[in-house]
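Novice: Pasting the sequence and the predicted coordinates here, then a few questions.
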There are 2 protein chains.
Amino acid sequence: MMDPFDDTYFMKRALQEAEIAYQKGEIPVGAVVVIDQKIIARAHNLTETLVDVTAHAEMQAITAAANYLGGKYLRGCTLYVTLEPCQMCAGALYWSQLSKIVYAASDPHRGYEVMGTKLHPKTAVVRGVLQDQAEDLLNKFFIEKRNLN
Amino acid sequence: MMDPFDDTYFMKRALQEAEIAYQKGEIPVGAVVVIDQKIIARAHNLTETLVDVTAHAEMQAITAAANYLGGKYLRGCTLYVTLEPCQMCAGALYWSQLSKIVYAASDPHRGYEVMGTKLHPKTAVVRGVLQDQAEDLLNKFFIEKRNLN
């Protein structure tokens, strides 16, 4: 029997968050945090709206998930995010000790992998889930930005 | 003539913030952000109080400084922090493009230097200002914690 709550299901929810960011004129990145097949945090990039470089989707999702759980460690949780985390977000994920990261699009310039950021040794990583959709949305955003300037 | 507003002066203000964290039972790390010899943000570690791994002194200081300036980039600013930043905080400092980081104590285990985190190429770093005072406070905190358990 197929599992309706698989990685693709939750990445679609993260993409919905990225769409909300896009509508706000933010770089379209969205994230959700899941535990026991339940979404406990949703967030999207708000760096322009909040005038704050730390307001990445993942950072807000980590804070919201810890708030929901009443504890700062996210063991047993999975983060779904539409773009590979940066150094800052990977560093926050390191401290959170969360169990799994699933990301859609890679970031070959500023992603944590090319930058060499260390994740917690107990954190598993799955790459490329709904990668095309995430990349299409990011490309649409940057092409439009370029044409406006 | 001696400059009364040198790195030692501002690091003392960061140490005062670390003392406040210590009084709250937090790992004692404090930070201030300075522009044109004026403190525009003060913060101390609040990870336990806020139940949030992202609530490091530097993260809060970056957000507060951007809020003060009305812009998300901290060019022209210096961060004074009593402990070498971690991957997360160094990653946030990278995005902020701030001009200078001055830190007191090194963190040979979790500091950004041993972890290999990249700072912005325009960010200068000064190490070891009031290092002994910062280390003494951290050691006092951890010795007390150990004796309580």
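Specialist: Good, I have the coordinates. Just so it is clear, the model here is predicted, and its values are computed rather than measured. Numbering: from 1, shown residues only, chains lettered A, B, ... in the order given.

Novice: Can you name the residues in contact with stretch A:107-118?
Specialist: A:83-87, A:89-91, A:94, A:106, A:119, B:87, B:91, B:115-118 (Cβ atoms under 8 Å, 6 or more residues apart in numbering or on different chains). C-betas here are computed from N, CA, C, even on glycine.

Novice: what about the closest residue to residue A:5 other than its chain neighbours, neighbour count?
Specialist: In space, and not counting its chain neighbours, residue A:5 is closest to residue A:37: 4.5 Å by Cβ to Cβ, 6 or more residues apart in numbering or on different chains. Other residues within reach of residue A:37, judged by other Cβ atoms under 10 Å in any protein chain shown, total 12.

Novice: got a pLDDT number for the spatially most central residue of chain A?
Specialist: For chain A, the residue nearest the mean C-alpha position is residue A:81 (2.4 Å; Cα atoms, centre = their mean). pLDDT, the model's per-residue confidence, is 98 for residue A:81.

Novice: for the strand or helix carrying it, packing partners?
Specialist: Residue A:81 is part of strand A:78-83, with elements assigned from DSSP states H and E. Counting contacts by 3 or more Cβ pairs under 8 Å, 6 or more residues apart in numbering or on different chains; DSSP states H and E, strand A:78-83 packs against helix A:7-23, strand A:30-35, helix A:57-69, strand A:100-105, helix A:131-148.

Novice: Distance from stretch A:3-16 to the middle of the chain?
Specialist: 12 Å (Cα atoms, centre = their mean, to the nearest Å).

Novice: buried set for that stretch?
Specialist: Neighbour-count burial for stretch A:3-16, counted by 16 or more other Cβ atoms under 10 Å in any protein chain shown, picks out A:7, A:10-11, A:14-15.

Novice: Kindly reformat the residues you listed as CSV and extend each row with distance to residue A:65.
Specialist: CSV is the format used below for these (distance: Cβ to Cβ, whole Å):
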residue, distance to residue A:65
A:7, 17
A:10, 13
A:11, 17
A:14, 13
A:15, 18
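
Novice: what's the neighbour count on the closest residue to residue A:54 other than its chain neighbours?
Specialist: Spatial nearest neighbour of residue A:54, chain neighbours left out: residue B:92 (5.1 Å); criterion: Cβ to Cβ, 6+ apart. Each residue near residue B:92 was counted by other Cβ under 10 Å, and the total is 30.

Novice: and residue B:92, what does it touch?
Specialist: Contact analysis of residue B:92 by Cβ under 8 Å, 6+ apart lists A:53-54, A:88, B:58-59, B:62.

Novice: what helix or strand does it sit in?
Specialist: Per DSSP H and E: helix B:87-96 holds residue B:92.

Novice: Up against chain B, what does chain A have?
Specialist: A:47-48, A:51-54, A:59, A:62-63, A:66-67, A:70-73, A:86-92, A:94-96, A:115-118 (Cβ under 8 Å from any Cβ of the partner chain).
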